[in-house]
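1. sequence-free structure coming up:
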């Protein structure tokens, strides 16, 4: 099992910045993908950004150029720096970690989620 704990959410005015952090603990595998997803009221959960252990990143089009994801593999943390925030960024932000590992019976995948942290951007 892996536990993910987010921090850094809050209320900010449009144009402001916030920094989200997520710490993974427990049975963390060395190679994985960590990321951030968000869910606004009445909407489905959507990808914000992901980053692989190798450093490869992926961003949603709506946040490219404004958000930056980074990770510290030794500390099992992932950070999302959010700049130029817009009211449309208001949502609960969830940390995610997923990956695969080998077993005698073949490969297994895992997918863990944090409880989420609220980000509210006022206009």
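-> Right, received. Where do you want to start? Bear in mind that the values here come from a model prediction, so they are computed numbers and not experimental data.
2. list the contacts for the residue lying closest to residue 78 once chain neighbours are set aside?
-> The shortest distance from residue 78 to any non-neighbouring residue, by CB to CB, 6 or more residues apart in numbering, is to residue 34 (4.1 Å). Any C-beta I mention is one placed from the backbone N, CA and C, and that applies to glycine too. Contacts of residue 34 were listed using CB atoms under 8 Å, 6 or more residues apart in numbering, and they are 22, 24, 50-51, 71, 78, 95-97.
3. Which two of those have the greatest separation?
-> Greatest spatial distance among those (CB to CB): 24 and 50, at 13.9 Å.
4. Can you list the buried residues in stretch 21-28?
-> For stretch 21-28, a neighbour-count test (16 or more other CB atoms under 10 Å) marks 21-24, 28 as buried.
5. Just the ones of those in strands?
-> Within the buried residues of stretch 21-28, residues falling in strands by DSSP state E are 21-24.
6. how about the residue positioned nearest the centre of the chain, phi and psi?
-> Centroid check for the chain by CA atoms, centre = their mean gives residue 36 as the closest residue, at 2.0 Å. Backbone torsions for residue 36, taken as degrees, to the nearest 10, come to phi -120, psi 140.
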